[in-house]
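**Student:** only the shape, not the letters, is given here:
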């Protein structure tokens, strides 16, 4: 079985960003720590588990700008067998359509049975690239998967929805986007970290699909600060009266 996992490197979710003087982007400080996308990490772990149960090879594919090798070596230490890294400086500010086209170009000749990706990237939060890659490859896609059962012919995926669980079945090939709860990603062991240094990482400096920038970021701003809550005191009757008054006059919900 051939399994491909799509991995993106994103700023650490604990990063405290500052907005630049033009208010059209954040300040990309050199001290920012870049990590594996949290949802991509679930996809990586699931790919490795499928390989361990059914055999095969796991190949990671990343479109990057030259800072990704450390993270790729980490997922190799987790159990990924090979990596493909497309270095392209144009990825900064690129539009997700061109990223999806570039990934599809790299992935298509691999003829994967299963492609796994995170349900969204925590920097752009657009949840677009995974499904777009599936569309470009003309294969089924199941998104936000929190449970997966793979067999010789295909798979059964479950997804948490409002008040219910949804169940999907698919033959191969298929693309899955991973949600939190699918698994618990492992920590690489020291011997595996050493072995990962020798695994094959193919670096491509160019591909035929151009990375373009057809989306403009016009403004960046911090969310408005919320007002603090009001503490009400008094007898039960007085509390009810104050609560109803607040919901009616201030919040205007009744």
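**Tutor:** In hand now; what should we look at? Remember, it's a predicted structure, so these values are computed and weren't measured experimentally. Numbers count the residues shown, from 1 in each chain.

**Student:** in the protein, where's the longest helix?
**Tutor:** Secondary structure assigned by DSSP state H gives helix 38-54 as the longest helix of the chain.

**Student:** for the helix or strand following that one, the averaged confidence score.
**Tutor:** Taking DSSP states H and E as the definition, the helix or strand that follows helix 38-54 towards the C-terminus is strand 57-64. For strand 57-64, mean pLDDT rounds to 96.

**Student:** how about strand 57-64: buried residues?
**Tutor:** Buried residues in strand 57-64, counted by 16 or more other Cβ atoms under 10 Å: 58-64. In this view, the C-beta of every residue, glycine as well, is placed from N, C-alpha and C.

**Student:** now do stretch 174-194
**Tutor:** Judged by neighbour count using 16+ other Cβ under 10 Å, the buried positions of stretch 174-194 are 174-179, 182-183, 185, 188.

**Student:** run a quick neighbour tally on the closest residue to residue 120 other than its chain neighbours.
**Tutor:** The shortest distance from residue 120 to any non-neighbouring residue, by Cβ to Cβ, 6 or more residues apart in numbering, is to residue 127 (4.0 Å). Neighbour count of residue 127, defined by other Cβ atoms under 10 Å: 17.

**Student:** who's in contact with residue 127?
**Tutor:** 119-120, 143, 177 (Cβ atoms under 8 Å, 6 or more residues apart in numbering).

**Student:** please repeat the previous calculation with a cut-off of 10 Å.
**Tutor:** The neighbours of residue 127, taking Cβ atoms under 10 Å, 6 or more residues apart in numbering as the test, are 39, 96, 117-121, 143-144, 177.

**Student:** still on that earlier bit, quick one: average pLDDT of the longest helix of the chain?
**Tutor:** On average, the pLDDT along helix 38-54 is 97.

**Student:** what of stretch 111-130?
**Tutor:** Averaging pLDDT along stretch 111-130 gives 94.

**Student:** ok, of the buried residues of strand 57-64, which one's closest to residue 6?
**Tutor:** Within the buried residues of strand 57-64, distances to residue 6 taken as Cβ to Cβ reach their minimum at residue 61, with 5.6 Å.

**Student:** which residue, other than its chain neighbours, is closest to that closest one?
**Tutor:** Spatial nearest neighbour of residue 61, chain neighbours left out: residue 84 (4.9 Å); criterion: Cβ to Cβ, 6+ apart.

**Student:** turn the buried residues of stretch 174-194 into JSON lines, including secondary structure and distance to residue 222.
**Tutor:** Formatted as JSON lines, the buried residues of stretch 174-194 follow (DSSP: H, G, I helix; E, B strand; the rest coil; distance: Cβ to Cβ, whole Å):
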{"residue": "174", "secondary structure": "strand", "distance to residue 222": "40"}
{"residue": "175", "secondary structure": "strand", "distance to residue 222": "35"}
{"residue": "176", "secondary structure": "strand", "distance to residue 222": "34"}
{"residue": "177", "secondary structure": "strand", "distance to residue 222": "29"}
{"residue": "178", "secondary structure": "strand", "distance to residue 222": "29"}
{"residue": "179", "secondary structure": "coil", "distance to residue 222": "27"}
{"residue": "182", "secondary structure": "coil", "distance to residue 222": "32"}
{"residue": "183", "secondary structure": "coil", "distance to residue 222": "34"}
{"residue": "185", "secondary structure": "coil", "distance to residue 222": "30"}
{"residue": "188", "secondary structure": "coil", "distance to residue 222": "36"}
